[in-house]
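Chemist: next input, structure requested:
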Amino acid sequence: MRRFLAAAVLALPAALWAQTSSGTCASPFAVTLDAGRHVSMHLRAGDVEIVGTAKPGLRVTCRVDDDEAGNVKISFAASNLRTYGGPDHSLHFRIEVPAKTNLLVRLTAGDLQVSGISGDKDIQLRAGDLTIGIEHPEEYRVAEGSVLAGDLNASAFGVEKDGLFRNFRKENAHGQYRLHAELLAGDLTLR
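Modeler: Numbers count the residues shown, from 1 in each chain. Below you'll find the predicted structure:
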């Protein structure tokens with residue numbers, strides 16, 4: 001009996017970790033998420049706004065034609081948010097996370113805006129415009145950004161470049177966060 005109870009107690013964290021929540025754009029999507037967590041986001045093409053809020057939890061709302069809303073899938077498991085499916089046009093996501101969250105974001109194409117979030121940021125976009133709000137640049141131990149083709153405007157770090165193969169790297173021994181922003185084609189703005 002003791003072995004059974006010990007095995008059940010050890011299996012409990014794995015079972016909780018493996019829980020999955022899923023939904024569609026037909027209704028708002030929400031899951032529990034505490035501040036200070038690491039969240040990975042693998043997102044389908046579209047316009048995406050990621051916003052830090054004072055509320056706990058992760059919420060996703062979508063704007064898409066009503067007849068297509070059920071075809072856009074959203075899932076969250078093991079701190080990984082995924083969006084997929086749906087139309088190839090006019091899709092807008094608003095994702096709210098706690099203001100203190102570490103982010104890893106991968107988006108194929110579209111416009112991506114990130115604001116109001118303190119924490120590590122590793123953000124990559126293939127094509128489109130990437131804008132990241134940097135309220136306190138001194139909080140970053142390492143800040144780096146690159147654009148293969150387009151404009152790089154990192155006014156928060158005193159950098160402005162345009163053309164091909166543009167990048168920058170700033171280091172601050174007193175900072176605590178890391179910022180990595182990478183864009184293949186488009187405009188990268190860190191303000």
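
Chemist: how about E182, nearest residue that isn't a chain neighbour?
Modeler: Nearest non-adjacent residue to E182, counting by C-beta to C-beta, 6 or more residues apart in numbering: Q124, 4.5 Å away. Quick note: C-beta positions are derived from backbone N, CA and C, even for glycine.

Chemist: and for the closest residue to R63 other than its chain neighbours, the neighbour number?
Modeler: Of all residues not flanking R63 in the chain, H92 sits nearest, at 4.1 Å (C-beta to C-beta, 6+ apart). Number of residues near H92 (other C-beta atoms under 10 Å) recorded here: 15.

Chemist: quick one: H92 and V60 touch, right?
Modeler: No: H92 is beyond contact range of V60, at 11.1 Å (criterion: C-beta atoms under 8 Å).

Chemist: from A35, how far off is A54?
Modeler: 9 Å (C-beta to C-beta, to the nearest Å).

Chemist: actually, S115.
Modeler: From S115 to A35 the distance is 16 Å (C-beta to C-beta).

Chemist: next secondary structure element downstream of the one helix or strand the residue nearest to E182 maps to?
Modeler: Element membership of Q124, judged by DSSP states H and E, is strand 121-132. Downstream of strand 121-132, the next assigned helix or strand under DSSP H and E is strand 140-154.

Chemist: just checking, what packs against that next one?
Modeler: When contacts are defined as 3 or more C-beta pairs under 8 Å, 6 or more residues apart in numbering; DSSP states H and E, strand 140-154 sits against strand 159-171, strand 177-190.
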